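Got a sequence here, can you model it:
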Amino acid sequence: MRALVLVGVLLVSSCGGARPMVAGPVGEAPDWNEWTAEAFARARDERRPILLSVQAGWCHWCHVMNDTTYRDPEVLRRLSSFVVIRADGDARPDLAERYRRYAWPATVFLAPDGRQILALRGYRAPERFRAILDEVLRAHEAGRTLEDDAGAEEAPAADLDAVRVALTAQLDGMYDEEAGGWGRRQRYPLGAPVEHALYRARVHGEDAWRARALFTLERYAQLIDPVYGGMYQYSIPFVWDRPHYEKIVSVQAGALRAFSAAYLATGDGRWLEHAEAIHGYLREHLRADDGAFFPSQDADLGGHGQPGPHVVGAEYYALDAEGRAALGEPRVDPHVYASTNGMVIEALAQLHVASGGRAPLAEAIRAAERVERTHRGSDGLYAHDAEADDPVRYLADQARMLAAYVALHQATGVERWREAARRLADAMIEHLRGDDGAFLLRGEDPRAPGLFDDAPVPPEEGAVAARALLVLARLDDSDRYREVAIAALRALARPTVLRRLGRMVGEILLALETLRDGHLVLSVVGPEEPRTRALFEAALRLDEPTRLVELGRPGASRYPYPGEPAIFLCSATACSMPVYDPAELPSAVATFLDR
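Okay, here's the model as predicted:
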């Protein structure tokens, strides 16, 4: 296909490559359209192709392309033949999922009826972009396309445990024994693979993965900002000490979960110290006055049309606290997204579980209450951005808030959060589930009807939702939730898609491990008194990745009250005698699980 040749010839690095050489005059910016029904209607009525640029506010190379390529007079002349639309990938989870493998900026050419002609990865210099525009216009005028036919959709795998084994081997093959982490290109501090490694060590007895997980976390710690805290987005290939300085909430949340899991598994205070460095950054730099969390902070200070001095990230983040304070802070994205808040809520709840700290839990609860108040709709689903005129409901927001509610229930034992999880799960099943059992990427978009109706099943968010549903299924003894979770996992288990994900399969593996191993439920029964609380806290601090904790009062628990506070241990097939002493819980669990 000519499209593939064009991509191969013109491919350059996306956010994170070498700085381009820019020459020539600079013109005005394009007259960008937003993603609206009017923009798509105009393309159809005028029979113009569509140029869709998917960007992110924190993306350095998006800024460069906007300031250079999209201001080149010859590029602007050619763009007059297109309907040009710019969309924020953070604001549009469906576009982020669809074009994830293209990275930002992603440039997508669509026919007037919405069919994809060509998608390009990353920055394009003006002279190269002119050639691309000419080729797309010639194809459009001749009535032909450069569309790449991906072939028939692949059937999902039938055996989910075989998928788990294959994905484990896929991730293991990407582990770097010498440098730590997974993959040898950009060094991303991925949290879920660390959690999976610790899970394997504790549950399956694969002790080597505990050492690998902790070795990797030592490398991740090199990406923590020594002044403000928080973790930089990634480092350049092969090393961990050459960061790109964007701070993204998904990175903070994943690292916070990983460091919390390491502290719970080892009791080593350095992991808690690193977790608190990330927690402190979230609290001091990415938290709104009303308790919600913002999604990102730019790498550079100023520039790209912002007022004040322009200082690149490498220079700014080399300064001490006083030097930074004299200049101000890089821009923080002011949006409040349900998905990213869900990630932070879950991570803060897990930090509380690991450490017992009250502040993370209080902040998680406050954020959850804020998002529920502002983002939850009458259909029970959550808007992505409550301030945006966007009628679409996205799976990412529902999956992450569902996981957040489950985490809050585990951290508190309060029935309110379990009920919130049930309500959201039921709304997801009613509104965001396909005929094949898969969770849909999004609901219908009335602004562009029919466009992207073939949207792919989002593997990561589908797995997050499935794992949370498996927790609800176990706590509620609900076959329905379990069947929905299994159907969702089956739908996303397409071998070619999963292979393409490379190292980004940690959340899927955690869900598949949960399905395989089930849960150990620790049911605390007792009145509201210190002994009951001590048992509940001991259950939370237990280093057992399969454990779930529930708190019941006498007469309102699934187990009888034996006259004093107690914990009952139950697997899917057996239950223990009650345990009364918190100090005896670890040995009782080890005996019950025969480990």
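
show me where the stretch 401-550 of the chain has helices.
In the stretch 401-550 of the chain, the helices defined using DSSP state H, counting those that start in this stretch lie at 415-431, 459-476, 479-492, 495-500, 506-517, 530-540.

Can you list the residue ranges for strands in the protein?
50-55, 83-88, 106-110, 116-121, 234-235, 243-244, 247-248, 296-297, 301-303, 306-311, 520-525, 547-552, 566-570 (DSSP state E).

could the ones you listed go into TSV alongside mean pLDDT and mean neighbour count?
(Glycine included, C-beta is placed from N, CA and C.) Compiled in TSV, those are given as follows (pLDDT from 0 to 100; neighbours: other Cβ atoms under 10 Å):
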stretch	mean pLDDT	mean neighbour count
strand 50-55	94	23
strand 83-88	94	21
strand 106-110	92	23
strand 116-121	86	21
strand 234-235	96	23
strand 243-244	96	22
strand 247-248	98	26
strand 296-297	97	24
strand 301-303	88	19
strand 306-311	86	12
strand 520-525	97	23
strand 547-552	97	20
strand 566-570	96	22
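
Which among those is found nearest to Gln410?
strand 547-552 (5.9 Å; Cβ to Cβ).

ok, residues contacting that closest one?
Applying Cβ atoms under 8 Å, 6 or more residues apart in numbering, the contact partners of strand 547-552 are 410, 413-414, 471, 474-475, 519-525, 532, 536, 539-540, 558-559, 589.

Could you do stretch 38-46 as well?
Residues contacting stretch 38-46 (Cβ under 8 Å, 6+ apart): 33, 48-50, 83, 85, 110, 112-114, 447-448, 451.

Tell me which two of these sit farthest apart.
Pro49 and Arg447 (18.3 Å).

Now the helices of the stretch 401-550 of the chain in JSON lines, please, with extra columns for distance to Glu369 and mean pLDDT.
Formatted as JSON lines, these follow (distance: least, Cβ to Cβ, whole Å; pLDDT from 0 to 100):
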{"stretch": "helix 415-431", "distance to Glu369": "10", "mean pLDDT": "98"}
{"stretch": "helix 459-476", "distance to Glu369": "19", "mean pLDDT": "97"}
{"stretch": "helix 479-492", "distance to Glu369": "24", "mean pLDDT": "96"}
{"stretch": "helix 495-500", "distance to Glu369": "37", "mean pLDDT": "89"}
{"stretch": "helix 506-517", "distance to Glu369": "26", "mean pLDDT": "98"}
{"stretch": "helix 530-540", "distance to Glu369": "21", "mean pLDDT": "98"}
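
Can you say which of those is packed in most?
Most buried of these by mean neighbour count (mean count of other Cβ atoms under 10 Å) is helix 459-476; its value is a mean of 24.

Can you tell me which helices and strands it packs against?
helix 395-412, helix 415-431, helix 479-492, helix 506-517, strand 547-552 (3 or more Cβ pairs under 8 Å, 6 or more residues apart in numbering; DSSP states H and E).

Quick one: closest of these to Leu348.
Here helix 395-412 is closest among the helices and strands packed on helix 459-476 (Cβ to Cβ), at 8.5 Å.

returning to what we had before: need the contacts of stretch 38-46 in CSV with distance to Asp176, can you?
Shown next, in CSV, are these (distance: Cβ to Cβ, whole Å):
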residue, distance to Asp176
Asn33, 43
Arg48, 47
Pro49, 42
Ile50, 41
Val83, 44
Ile85, 39
Leu110, 39
Pro112, 46
Asp113, 45
Gly114, 41
Arg447, 44
Ala448, 42
Leu451, 40
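
before we move on, the earlier item: Pro49 and Arg447: which is more packed in?
Pro49 (21 against 18; other Cβ atoms under 10 Å).

Wait, the more buried one touches Val108, no?
No - using Cβ atoms under 8 Å, Pro49 makes no contact with Val108, being 10.6 Å away.

Quick one: the helices and strands packed on helix 459-476 as CSV, columns for distance to Ala367 too.
As requested, the helices and strands packed on helix 459-476 are exported to CSV (distance: least, Cβ to Cβ, whole Å):
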stretch, distance to Ala367
helix 395-412, 8
helix 415-431, 13
helix 479-492, 25
helix 506-517, 21
strand 547-552, 22
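
Out of these, the one nearest Asp379 is which?
helix 415-431 (6.0 Å).

Show me the domain layout of the protein.
Split into domains by automatic domain parsing, the chain comes to 2-141, 521-593.

Looking at those domains, spot the one closest to Met504.
Once the domains of the chain are compared by Cβ to Cβ, domain 2-141 is nearest, at 8.5 Å.

now the closest one: how far from the chain's centre is it?
Between the centre of domain 2-141 and the centre of its chain there are 25 Å (Cα atoms, centre = their mean, to the nearest Å).

Would you mind listing where the chain has pLDDT under the threshold?
Residues of the chain meeting the criterion pLDDT under 70: 1-27, 142-157, 446, 448-456.

Spatially central residue for it, please.
In the chain, the C-alpha nearest the mean C-alpha coordinate belongs to Ser250, at 5.2 Å (Cα atoms, centre = their mean).

Report the contact partners of that one.
Thr340, Met343.

now do Ala56
Cys62, Asp88, Gly89, Asp90, Trp104, Ser296.

End to end on stretch 574-594, go ahead and measure it.
Stretch 574-594 has its terminal residues 13 Å apart, counting by Cα to Cα, to the nearest Å.

actually stretch 64-72, sorry about that
12 Å.

Now do the buried residues in it.
For stretch 64-72, the neighbour count (16 or more other Cβ atoms under 10 Å) marks Val64, Met65, Asn66, Thr68, Thr69, Tyr70, Arg71, Asp72 as buried.

Thought Pro126 was touching the last one, still the case?
Pointing back at Asp72 there. Yes - using Cβ under 8 Å, Asp72 is in contact with Pro126, at 3.7 Å.

right, and the helices and strands packed on helix 459-476 - which one's nearest Thr216?
Here helix 506-517 is closest among these (Cβ to Cβ), at 11.9 Å.

packing partners for that closest one?
Using 3+ Cβ pairs under 8 Å, 6+ apart: helix 506-517 touches helix 160-172, helix 191-203, helix 459-476, helix 479-492.

If you compare the directions of the longest one and helix 395-412, what angle comes out?
With axes from the mean of the first three to the mean of the last three Cα atoms, to 10 degrees defining the directions, helix 459-476 sits at 40 degrees from helix 395-412.

what angle separates helix 459-476 from helix 191-203?
Using the same axes, to 10 degrees: helix 459-476 against helix 191-203 is 40 degrees.

could I get helix 459-476 in PDB with only the CA atoms?
Written as PDB, here are the backbone C-alpha positions of helix 459-476 (Å, rounded to 0.1, in the frame of the first residue of the first chain):
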ATOM      1  CA  PRO A 459      -7.700  -3.600  26.500                       C
ATOM      2  CA  GLU A 460      -6.300  -1.700  29.500                       C
ATOM      3  CA  GLU A 461      -9.600  -0.100  30.600                       C
ATOM      4  CA  GLY A 462     -11.600  -3.200  29.900                       C
ATOM      5  CA  ALA A 463      -9.200  -5.100  32.100                       C
ATOM      6  CA  VAL A 464      -9.400  -2.500  34.900                       C
ATOM      7  CA  ALA A 465     -13.200  -2.800  34.800                       C
ATOM      8  CA  ALA A 466     -13.100  -6.600  34.700                       C
ATOM      9  CA  ARG A 467     -10.800  -6.800  37.700                       C
ATOM     10  CA  ALA A 468     -13.000  -4.400  39.800                       C
ATOM     11  CA  LEU A 469     -16.100  -6.500  38.800                       C
ATOM     12  CA  LEU A 470     -14.400  -9.700  40.000                       C
ATOM     13  CA  VAL A 471     -14.000  -8.000  43.400                       C
ATOM     14  CA  LEU A 472     -17.700  -7.100  43.500                       C
ATOM     15  CA  ALA A 473     -18.600 -10.600  42.300                       C
ATOM     16  CA  ARG A 474     -16.700 -12.200  45.200                       C
ATOM     17  CA  LEU A 475     -17.900  -9.800  47.900                       C
ATOM     18  CA  ASP A 476     -21.500 -10.000  46.700                       C
END
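
quick one: it to chain centroid distance?
15 Å.
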